[in-house]
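# What follows is a predicted structure for the sequence shown.
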Amino acid sequence: MYRPSLKSSWSLVALFVLSVILFVIAQNSYVHIEADFHDEKVEAAKLMSSFIDSLRTEQIAQGMHIDPIDDPFQTGLIGSRLSSITTDRGLLSEKQAAVNPNIAAIFIDEFSQQKLTEGDYVAIGITGSNPSVNLALYAALKVMKLNPRIIVALSSASYGANREDFTWLDIETVLKKKGMIDFGSSYASFGGKEDLAIGLSDSGFAALRDAMKRNGVPLLIGSNLEENVDLRDKAYLELIPEGERYKLFVNIGGGLANVGSEPNARLIPEGINNRLAEKQFEKEGIMMVMASKNVPILHVRRIMRWAKKYDISSGKEKMPEPGVGAAFSKMKHNVTISAICLLILMAALIVVILLDRHDRRFMANIVDPDEEI
């Protein structure tokens with residue numbers, strides 16, 4: 001049966017005020033949660049930011065023009081739509097999204113999940129098409145002190161490292177001279193169709209050869225794609241000490257010597273592929289060769305998908321701050337504080353109920369003198 005409370009209105013008001021105060025405290029209590037491998041991710045992001053700053057300074061010193069529209073952060077890492085060493089179409093939005101130092105955190109996470117440790121050998125296949133992604137990869141390799149063995153397909157898609165006087169090999173050389181990396185490409189191929197850059201002009205071939213020559217990187221070339229894949233296989237074997245093995249193969253982009261064909265590049269799932277050797281491909285690249293040797297494959301093609309997966313936002317007005325964002329740490333409600341607030345509120349309610357019962361007993365024991373008479 002319902003019985004109205006005998007407590008005075010001030011005690012109910014006090015209970016209401018206490019409830020509001022506890023709610024505000026719980027609602028505004030947060031705890032800072034760091035992501036796995038937080039320190040390495042932050043270090044890699046800051047290193048990539050340093051790469052970008054150094055390359056920008058170098059290009060300005062050399063009097064190179066940086067497009068203020070296509071490259072709004074003035075990094076110099078976004079090339080032109082077309083040049084003599086451009087072999088394919090590229091998406092400007094992909095290149096712009098990659099100019100983000102926090103992209104380096106993606107590789108730290110992927111490498112750590114593969115349990116790579118200092119000194120492990122990693123085979124790398126890159127192109128000149130997205131230099132920012134290459135920089136993110138290099139930052140992670142350096143922070144984790146891995147041993148990369150790199151072969152680059154030097155030509156580039158639109159908006160990549162497609163300046164004849166500032167190819168990917170030139171970028172590596174700048175970073176080496178500044179002491180920022182101590183590794184780089186051991187071999188270069190032409191890239192493009194059949195990995196022979198079929199369709200390039202004579203001036204384009206000359207520009208690629210000149211870039212290899214001035215950066216001291218030998219050309220890897222066969223008569224067709226199959227031979228180029230075979231040459232890469234032999235080169236990767238030659239580059240690793242006897243008795244060692246590669247712990248991972250990393251492919252960046254859609255270099256045909258790496259993926260075998262354009263359909264392969266689209267069909268192979270991005271991320272870690274441990275069972276690539278079980279699948280059949282019409283044309284095989286070095287990825288399939290490595291997979292047949294039980295080397296896990298990391299396939300990275302569309303960096304915008306990766307950024308979305310890792311909750312890495314791209315800056316619209318300014319370059320994202322390195323090491324800041326959901327990929328590094330998140331703020332969550334403090335469950336401990338919320339639980340304490342709830343316990344305090346429950347205790348206050350119990351006190352009010354007990355006092356209410358006490359008052360009822362007191363009132364029940366009062367004798368009305370008029371009733372006795």
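Received it, and whenever you're ready, just let me know what you need. Residues are numbered from 1 along each chain as shown.

# can you map out the helices along the stretch 101-250 of the chain?
Under the criterion DSSP state H, counting those that start in this stretch, helices of the stretch 101-250 of the chain are mapped to 104-113, 131-143, 168-177, 202-215, 225-239.

# Deepest-packed of these, please.
helix 131-143 (a mean of 27; mean count of other Cβ atoms under 10 Å). All C-beta spots, glycine's among them, are computed from the backbone N, C-alpha and C.

# one step back: make a markdown table out of the helices of the stretch 101-250 of the chain and add distance to Val335.
Formatted as a markdown table, these follow (distance: least, Cβ to Cβ, whole Å):
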| stretch | distance to Val335 |
| --- | --- |
| helix 104-113 | 25 |
| helix 131-143 | 33 |
| helix 168-177 | 45 |
| helix 202-215 | 55 |
| helix 225-239 | 50 |
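
# Reformat these as JSON lines; add mean pLDDT and distance to Phe183.
As requested, the helices of the stretch 101-250 of the chain are arranged in JSON lines below (pLDDT from 0 to 100; distance: least, Cβ to Cβ, whole Å):
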{"stretch": "helix 104-113", "mean pLDDT": "97", "distance to Phe183": "14"}
{"stretch": "helix 131-143", "mean pLDDT": "98", "distance to Phe183": "7"}
{"stretch": "helix 168-177", "mean pLDDT": "98", "distance to Phe183": "8"}
{"stretch": "helix 202-215", "mean pLDDT": "98", "distance to Phe183": "14"}
{"stretch": "helix 225-239", "mean pLDDT": "97", "distance to Phe183": "11"}
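
# for the stretch 201-350 of the chain, what are the low-confidence residue spans?
The stretch 201-350 of the chain contains no residues with pLDDT under 70.

# again, 80 this time
314-317 (pLDDT under 80).

# Okay, strands next: where are they in it?
246-252, 271-273, 297-300, 329-333 (DSSP state E, counting those that start in this stretch).

# Tabulate the ones you listed in CSV, adding columns for mean neighbour count.
Below are these laid out as CSV (neighbours: other Cβ atoms under 10 Å):
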stretch, mean neighbour count
strand 246-252, 23
strand 271-273, 15
strand 297-300, 23
strand 329-333, 13
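
# Could you export those to TSV, including columns for distance to Ser80?
Shown next, in TSV, are the strands of the stretch 201-350 of the chain (distance: least, Cβ to Cβ, whole Å):
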stretch	distance to Ser80
strand 246-252	21
strand 271-273	31
strand 297-300	24
strand 329-333	38
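
# Would you mind saying which of the ones you listed lies nearest Met290?
Shortest distance between Met290 and those, using Cβ to Cβ, is found for strand 246-252: 4.2 Å.

# Low-confidence regions, the stretch 1-150 of the chain specifically.
Using pLDDT under 80, the stretch 1-150 of the chain drops low at 1-11.

# any chance you could map the strands in it?
30-34, 86-88, 121-127, 147-153.

# Save the ones you listed as JSON lines, and put in mean neighbour count and distance to His333 too.
Shown next, in JSON lines, are those (neighbours: other Cβ atoms under 10 Å; distance: least, Cβ to Cβ, whole Å):
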{"stretch": "strand 30-34", "mean neighbour count": "11", "distance to His333": "6"}
{"stretch": "strand 86-88", "mean neighbour count": "23", "distance to His333": "48"}
{"stretch": "strand 121-127", "mean neighbour count": "25", "distance to His333": "40"}
{"stretch": "strand 147-153", "mean neighbour count": "24", "distance to His333": "42"}
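
# Generate TSV for these, with distance to Phe328 as supplementary columns.
As requested, the strands of the stretch 1-150 of the chain are arranged in TSV below (distance: least, Cβ to Cβ, whole Å):
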stretch	distance to Phe328
strand 30-34	7
strand 86-88	34
strand 121-127	23
strand 147-153	24
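
# of those strands, which approaches Ala161 most closely?
That would be strand 121-127 among the strands of the stretch 1-150 of the chain, by Cβ to Cβ, at 8.8 Å.

# Report all helices and strands that the closest one contacts.
Contact here means 3 or more Cβ pairs under 8 Å, 6 or more residues apart in numbering; DSSP states H and E; on that basis strand 121-127 packs against helix 131-143, strand 147-153, strand 246-252, helix 286-292.

# Now with 10 Å, please.
helix 131-143, strand 147-153, strand 185-189, helix 225-239, strand 246-252, helix 256-259, helix 286-292, strand 297-300 (3 or more Cβ pairs under 10 Å, 6 or more residues apart in numbering; DSSP states H and E).

# sorry, back to before: looking at the strands of the stretch 1-150 of the chain, which is nearest to Val250?
strand 121-127 (5.0 Å).

# partners of the closest one, with directions?
strand 147-153 (parallel), strand 246-252 (parallel) (DSSP bridges).

# Throw those strands into a markdown table and include distance to Lys332, thanks.
Putting these into a markdown table (distance: least, Cβ to Cβ, whole Å) gives the following:
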| stretch | distance to Lys332 |
| --- | --- |
| strand 147-153 | 36 |
| strand 246-252 | 32 |
